[in-house]
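Q: Model the structure of this input:
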Amino acid sequence: MTMPDSKDVSVDPIMLELVDEAGRTIGTAEKLAAHQAPGQLHRAFSVFLFDPAGRLLLQRRALGKYHSPGVWSNTCCGHPLPGEPPFVAAARRTAEELGVSPVLLREAGTVRYNHPDPQSGLVEQEFNHLFAGVLEQEVRPDPSEVGDTAFVTPQELARRHERAPFSAWFMTVLDAARPGIRAVTGPAAGW
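A: Okay, the predicted model is just below:
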């Protein structure tokens, strides 16, 4: 099998919005370049979806992902396209990755962090918009994005987190989203 000449294939790079410390857009950068050390501060989003019983849907990232492959993480995460509102991006990527549309998706705050990934050497330097919602459909994951899924209670999450690898950003975004999560799940769910 022969590979096509580069002149025969046009692949547009994925661009991200660069932001300042207040989350104001200041430019764009190619996705991989924004994640190379020391990292460039860029806009991201993280989604936390719960079933009607209040269990969190986790995903294990597909093994083919260039960044953090095979680790567990929140329901969905990613980057808005330049000019795309984070809420729209969160809903779009949830549909693309998991084949579902969340119900009652609501903003759950923002968090800024800098997490180097020791495995890949890439850096998550992000201004992250957080969302929480309810899922009332069966997930249909895209295998190029998602390796596995699991619904967990807070106690099951704690046990899984002790024994399985999770994304570098997971606990930071979960902790920051907890007030918004409680508004969606109610205090009895224990989040």
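
Q: Quickly list what Phe127 is bridged to.
A: Beta bridges link Phe127 to Arg43, Arg112 when assigned by DSSP bridges.

Q: Show me where this protein dips below the pLDDT cut-off.
A: Applying pLDDT under 70 to the chain flags the ranges 1-11.

Q: residues in contact with the helix ranked longest in it?
A: Longest helix in the chain, counting residues (DSSP state H): helix 170-185. By Cβ atoms under 8 Å, 6 or more residues apart in numbering, the residues outside helix 170-185 that reach it are 46, 48, 50, 54, 72-74, 77, 104, 106-111, 113, 115, 128, 130-134, 161, 189, 191. Backbone N, C-alpha and C define where each C-beta goes, glycine included.

Q: now with 6 Å?
A: With contacts defined as Cβ atoms under 6 Å, 6 or more residues apart in numbering, helix 170-185 is touched by 46, 48, 50, 54, 73, 108-109, 111, 113, 128, 130, 132, 191.

Q: Could I get the buried residue list for that helix?
A: Buried positions in helix 170-185, judged by neighbour count with 16 or more other Cβ atoms under 10 Å: Phe170, Thr172, Val173, Leu174, Ala176, Ala177, Arg178, Gly180, Ile181, Arg182, Val184, Thr185.

Q: Please report phi then psi for Ser144.
A: phi -80, psi -10 (degrees, to the nearest 10).

Q: Now do it against Pro69, distance only.
A: Here the criterion is Cβ to Cβ, to the nearest Å. By it, Ser144 lies 11 Å from Pro69.

Q: and the two? which has more neighbours close in?
A: Comparing Ser144 with Pro69 by other Cβ atoms under 10 Å, the one with more neighbours is Pro69, at 14 against 11.

Q: what about the more buried one, which helix or strand?
A: For Pro69, there is no enclosing helix or strand under DSSP states H and E.

Q: That one reaches Arg60, doesn't it?
A: No. Checked against Cβ atoms under 6 Å, the pair Pro69 and Arg60 is beyond contact range at 9.4 Å.

Q: Could you count how many residues lie near Leu81?
A: 16.

Q: Wait, a helix at it?
A: No. Counting by DSSP: H, G, I helix; E, B strand; the rest coil, Leu81 falls outside a helix, being coil.

Q: what about it, distance to Glu17?
A: 8 Å.

Q: Just the buried residues of stretch 24-37, please?
A: Buried-residue list, stretch 24-37, by 16+ other Cβ under 10 Å: Thr28, Ala29, Ala34, His35.

Q: re earlier: what would the buried residues of helix 170-185 look like in TSV with distance to Thr94?
A: What follows is the buried residues of helix 170-185, written out as TSV (distance: Cβ to Cβ, whole Å):
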residue	distance to Thr94
Phe170	17
Thr172	20
Val173	15
Leu174	17
Ala176	19
Ala177	15
Arg178	20
Gly180	16
Ile181	16
Arg182	20
Val184	14
Thr185	17
